[in-house]
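Peer 1: Provided below are the primary sequence and the corresponding predicted coordinates.
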Amino acid sequence: MPIPGPKHDLRPGAKGAMGARLLAVAMLCAFQYWLLTSTVEAYNGGDRDIPLPALATSLVCFALGAGLVAAGELSARRARR
């Protein structure tokens, strides 16, 4: 019966890269939350030109965050092989 290998990534720098991705995604989420609250406040204050650029910025942040999460998952799958 073979001994099963570890379930975590043992490559050098993998833990640091994972932490950096997690920090970047957390910062993007915080920025999106701030963007949402400031956009709603500006819209309620009468500024009707803000929502469309804010939506575009939020979509870019979402795409960046999703890409970072996907890159992390891909890296974890490669490490398991």
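Peer 2: Thanks, I have the structure now. It should be emphasised that the depicted structure is a prediction, and the values quoted were computed from it without experimental measurement.
Peer 1: Contact partners for Gly72?
Peer 2: The neighbours of Gly72, taking CB atoms under 8 Å, 6 or more residues apart in numbering as the test, are Met18, Arg21. All C-beta spots, glycine's among them, are computed from the backbone N, C-alpha and C.
Peer 1: Now for Gly45, how many residues are close by?
Peer 2: 9 (other CB atoms under 10 Å).
Peer 1: The protein: helices as residue ranges?
Peer 2: 14-44, 51-80 (DSSP state H).
Peer 1: JSON lines for the ones you listed, including mean pLDDT and distance to Pro4?
Peer 2: As requested, the helices of the chain are exported to JSON lines (pLDDT from 0 to 100; distance: least, CB to CB, whole Å):
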{"stretch": "helix 14-44", "mean pLDDT": "93", "distance to Pro4": "19"}
{"stretch": "helix 51-80", "mean pLDDT": "90", "distance to Pro4": "11"}
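Peer 1: Met1 is nearest to which of the ones you listed?
Peer 2: Smallest distance to Met1 across these (CB to CB): 19.6 Å, for helix 51-80.
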